[in-house]
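J.: how would this look folded up:
(one chain, ligands or ions: 1)
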Amino acid sequence: MIVPVPDVKGREKILEVHGQKKALAEDVKWEVIARGTPGFSGADLENMVNEAALLAARGDAEKITMIHMEQAKDKVMMGAERRSMIITEKEKEITAYHEAGHALVAMLLPGTDPIHKVTIIPRGRALGLTQQLPVDEKHTYASSFLKNNLCILLSGRVAEELIFGEITTGSGNDIERCTQLARKMVCEWGMSEEMGPLSYGKKEEQIFLGREIAQHRDYSESTAVKIDDEVKRIVLKANEKVHQLLSENSAVLRSIAQALLERETLGLDDIKAIIGHDGKTASPAEIQAQA
Ligand code: ZN
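T.: All right, here's what the predicted structure looks like:
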């Protein structure tokens with residue numbers, strides 16, 4: 001939910017395109033669905049329409065209804081629940097700390113999108129998920145907002161490192177998104193003082209249907225090295241900040257992880273309640289003993 005995505009009018013158009021050859025019930029209103037899907041990319045919207053068609057077919061419905069659309073939306077947003085997936089206790093524990101890290105950093109940093117839900121029920125390819133919901137439809141992003149988002153992306157990995165002393169492959173997607181975002185800040189949005197307000201690399205305009213954008217290099221080898229250095233510097237700086245935040249609040253981090261292990265899913269109010277507490281609900285010694 002961080003990179004620029006189509007706005008509400010854009011989403012409506014994209015939905016119309018993908019819904020053209022589908023049998024739709026009269027209650028399906030693209031305008032309404034477009035309003036309820038902030039943050040969805042073109043590809044997400046396409047998936048959602050196809051998923052709704054599948055659900056309708058599976059239920060022997062003649063037409064796709066709004067209910068199918070809603071169910072499809074949840075699935076695209078969070079992936080299908082996979083309660084039958086076999087996970088070891090250790091994996092579950094690591095996931096709980098990883099997600100607790102995301103949630104806590106998102107709560108602590110100002111101006112970030114609020115937490116909607118944190119869960120350690122596997123969905124899609126993820127063992128756990130922290131979901132943020134944008135309050136409003138943003139068209140521009142302040143660099144402070146993006147820097148905080150880098151921190152949120154890195155926080156799962158840092159939490160694992162702090163608690164278990166090592167990291168797992170579970171942070172692969174976080175790191176990928178973090179790196180991409182930092183690169184955009186440097187190359188597209190002129191947010192690096194070192195590189196200045198210049199655009200590096202030409203893009204092919206194919207944003208409309210959410211396709212990948214091909215980058216063409218239009219800068220020298222030495223500039224490429226500088227860009228890499230800047231991207232790295234920005235990411236490492238965010239990583240340091242997260243380390244500090246989570247170290248200072250490790251008692252709360254442990255409390256959130258424990259609550260996740262007990263209840264599997266926490267909402268915003270649950271997390272607020274935990275953070276509002278003095279953070280001594282679970283002693284570090286107890287957790288060490290379980291690990
Ligand atoms: Zn993560």
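
J.: which residues in the stretch 51-200 of the chain form helices?
T.: Using DSSP state H, counting those that start in this stretch, the helices of the stretch 51-200 of the chain run over residues 66-78, 89-108, 143-164, 172-187.

J.: pLDDT of the shortest one, averaged?
T.: Per-residue pLDDT values over helix 66-78 give a mean of 86.

J.: for it, which positions count as buried?
T.: Of the residues in helix 66-78, Met66, Ile67, His68, Met69, Gln71, Ala72, Lys73, Lys75, Val76, Met77, Met78 count as buried by neighbour count, 16 or more other C-beta atoms under 10 Å. All C-beta atoms are positioned from the backbone trio N, CA, C, and that covers glycine.

J.: CA atoms only: put it into PDB for me.
T.: Output in PDB follows, covering the C-alpha atoms of helix 66-78 (Å, rounded to 0.1, in the frame of the first residue of the first chain):
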ATOM      1  CA  MET A  66     -21.700  -7.800  -4.700                       C
ATOM      2  CA  ILE A  67     -21.300 -10.500  -2.100                       C
ATOM      3  CA  HIS A  68     -19.000 -12.400  -4.400                       C
ATOM      4  CA  MET A  69     -17.100  -9.200  -4.900                       C
ATOM      5  CA  GLU A  70     -16.700  -8.600  -1.200                       C
ATOM      6  CA  GLN A  71     -15.400 -12.100  -0.500                       C
ATOM      7  CA  ALA A  72     -13.000 -11.800  -3.400                       C
ATOM      8  CA  LYS A  73     -11.800  -8.500  -2.100                       C
ATOM      9  CA  ASP A  74     -10.900 -10.000   1.300                       C
ATOM     10  CA  LYS A  75      -9.100 -12.800  -0.400                       C
ATOM     11  CA  VAL A  76      -7.000 -10.500  -2.600                       C
ATOM     12  CA  MET A  77      -6.300  -8.200   0.300                       C
ATOM     13  CA  MET A  78      -5.100 -10.900   2.600                       C
END
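
J.: returning to that earlier point: for the ion, state which of the buried residues of helix 66-78 is nearest.
T.: Comparing these against the ion with C-beta to the ion picks out Met78 as the nearest, at 13.5 Å.

J.: one step back: now distance to Ala53 too, for the helices of the stretch 51-200 of the chain, in TSV please.
T.: Below are these laid out as TSV (distance: least, C-beta to C-beta, whole Å):
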stretch	distance to Ala53
helix 66-78	8
helix 89-108	32
helix 143-164	33
helix 172-187	27
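
J.: show me which residues of this structure sit near the ion.
T.: In this structure, the chain approaches the ion at residues Gly156, Asp174, judged by C-beta under 5 Å from the ion.

J.: just name the shakiest helix or strand of the chain by mean pLDDT.
T.: helix 284-290 (a mean of 34; mean pLDDT, DSSP states H and E).
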